[in-house]
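Trainee: Coordinates for the following, if possible.
(one chain, ligands or ions: 2)
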Amino acid sequence: MKIGVIADDFTGASDIALTLAEAGMKTLLLAGIPEQECPDCDAAVISLKSRTAPVAEAVEQSLKACDWLTDKGAGQIVFKVCSTFDSTEAGNIGPVVEALAERLGETSVIVCPAFPENGRSVYQGHLFVGDTLLSESGMQNHPLTPMTDPDLRRVLGRQTGWPVAHVPFLTVSKGAAQVSDALAALRAMFIVDAIQDEDLHTIGTAAKGRKLLCGGSGIALGLPLNFGFQPGSPSWAGVAGKGVVLSGSCSLATRAQISTYRDLTPSLELTADDVMNGTHTAQSAADWVMAQSHDAPLVYSSADPEAVKAAQERYGRDVVAERIELLFRDLAAELVGRGIARIVSAGGETSGAVVKGIGAGTLGVGGRLAAGVPALRVDDRALAIALKSGNFGDKDFFTTAMARLAGDQ
Ligand SMILES: Nc1ncnc2c1ncn2[C@@H]1O[C@H](COP(=O)(O)OP(=O)(O)OP(=O)(O)O)[C@@H](O)[C@H]1O
Ligand SMILES: O=C(O)[C@@H](O)C(=O)CO
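Mentor: Ligands and ions are numbered 1, 2, ... in the order given. Predicted coordinates:
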């Protein structure tokens, strides 16, 4: 194994697994730290559900994953975080990077969440989503990690005792040698600007030999070449059978996708009240799914910001999120037990719960369904899944993803 990735959520893990697979590496996605031997690979992505975990837990899990990956031969570790830098004042990005850097003996670390293909760019240390600052992109209303400050130097600075420095676009545009020189000057975490894929390739070249990087999936674009890999297309055979779309994401993109898909398919909305007072359970939702003649109905809890806020005030933010996630976990388990063969899951926390529910161990990476979203095959079962990050995919994503999971081009 050459590259080991620790991802702080499941959609993020599948996002970077696609980048590495398309860059020519045999890549495996592992749902947590494997208890058994895993098949041979060039890159392994360990998916944690640590983005919103308590800091100490996130640090402990990340260090365990790091030890497992280095033990299997990984010489370079990437800590994959969200391209919208989802985190809170407490962490978990700063504390995890600190702990990993200390474990690996690295004294300066590149931190770059840019993902230009999906509109995320970093310029003058600020994160943009398309042409808006992060803090005006909708992410200021995220249910668990509202992002209200677009200056990543400040955001990261609040999470770590390490100095936070900046490598500006002007340096990146001069090439890898200049980036390497800038990184050598200080013991620090460096927010590195990147506005296009070319910048990420430059940063990738500058990262040759570095033991630790932190970023979105874009940070991996230039790394495989350092190990001699050339781009390729992962293959996908398709899985036939009944499908389901499960969404707990409340992002703008997911809500637009739901509104399109709801016109085409039967849908069941689980409101926060329904879940909290037991009106809907995993059993009742599974009965509903199996009773639909449509081949891929929709079950969702994807409320607008006002409804989310009201539910959080009524029940507590973490309590309501956890109860909804548990319902999706148990629903996924129930549905797979009843023969569901294709699942599209929307939302990182939600996907962590869904993957747990289906009891996945190793997921093979197939072709791309959208930028940042691959088709995945669960273990060697006839079960296909897509883990869609909240803000990824166009408005027709659920329809096209379902068809492609089945093998349509
Ligand atoms: N009506 C609601 N009220 C409060 N919380 C909700 C509601 N519906 C869903 N949630 C919670 O909101 C959270 C959404 O996070 P999730 O990571 O699944 O989506 P996302 O943030 O859009 O995706 P990503 O992390 O991939 O960008 C989940 O914990 C979910 O349980
Ligand atoms: O980087 C992203 O935006 C995604 O891979 C993700 O992490 C969403 O949870």
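
Trainee: Show me where the stretch 51-200 of the chain has its strands.
Mentor: Assigned strands in the stretch 51-200 of the chain, in chain order: 76-80, 108-112, 120-123, 126-129, 132-133, 164-167, 188-192 (criterion: DSSP state E, counting those that start in this stretch).

Trainee: residues making contact with the fourth one?
Mentor: Contacts with strand 126-129, where a contact means Cβ atoms under 8 Å, 6 or more residues apart in numbering, come from 84-85, 113, 119-122, 133-134, 137-139, 150-152, 391. Where C-beta positions appear, they are placed from N, C-alpha and C, glycine not excepted.

Trainee: Whichever residue of the stretch 51-200 of the chain sits closest to ligand 1 and ligand 2, how far apart?
Mentor: Closest approach of the stretch 51-200 of the chain to ligand 1 (Cβ to the nearest ligand atom) occurs at Pro143, with a separation of 3.8 Å. Pro143 sits 13 Å away from ligand 2, going by Cβ to the nearest ligand atom, to the nearest Å.

Trainee: In contact with that residue, which residues?
Mentor: So Pro143 contacts 250, 308, 312, 317, 321 (Cβ under 8 Å, 6+ apart).

Trainee: would JSON lines of those residues with distance to Ala194, neighbour count and secondary structure be doable?
Mentor: Shown next, in JSON lines, are the contacts of Pro143 (distance: Cβ to Cβ, whole Å; neighbours: other Cβ atoms under 10 Å; DSSP: H, G, I helix; E, B strand; the rest coil):
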{"residue": "Cys250", "distance to Ala194": "28", "neighbour count": "25", "secondary structure": "coil"}
{"residue": "Val308", "distance to Ala194": "31", "neighbour count": "21", "secondary structure": "helix"}
{"residue": "Gln312", "distance to Ala194": "34", "neighbour count": "17", "secondary structure": "helix"}
{"residue": "Arg317", "distance to Ala194": "32", "neighbour count": "15", "secondary structure": "helix"}
{"residue": "Ala321", "distance to Ala194": "31", "neighbour count": "23", "secondary structure": "helix"}
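
Trainee: just curious, which of the residues you listed is nearest to ligand 2?
Mentor: Cys250 (12.8 Å).

Trainee: Could you pull up the contacting residues of Ala90?
Mentor: Applying Cβ under 8 Å, 6+ apart to Ala90 gives the contacts 55, 159.

Trainee: on that earlier part again, please list which of the contacts of Pro143 also come close to ligand 2.
Mentor: Contacts with ligand 2 are made by none of the contacts of Pro143, judged by Cβ under 6 Å from any ligand atom.

Trainee: and the two most separated of those?
Mentor: The largest separation in those, counting by Cβ to Cβ, is between Cys250 and Arg317 at 12.3 Å.

Trainee: what's the distance between the closest residue to ligand 2 within the stretch 1-150 of the chain and Asp408?
Mentor: In the stretch 1-150 of the chain, the residue found nearest to ligand 2 is Gly12; the distance is 2.7 Å by Cβ to the nearest ligand atom. Distance, Gly12 to Asp408, using Cβ to Cβ, to the nearest Å: 26 Å.

Trainee: which ones are touching Asp40?
Mentor: Lys26.

Trainee: Mind pulling the model confidence for it?
Mentor: We have a pLDDT of 91 for Asp40.

Trainee: correct me, but Glu106 touches Leu212?
Mentor: Yes - Glu106 lies in contact with Leu212 (Cβ atoms under 8 Å); the separation is 4.5 Å.

Trainee: Show me which of those two is the more surrounded one.
Mentor: Leu212 (23 against 16; other Cβ atoms under 10 Å).

Trainee: Quickly list what the more buried one is bridged to.
Mentor: Beta-bridge pairing for Leu212 (DSSP bridges): Ile77.
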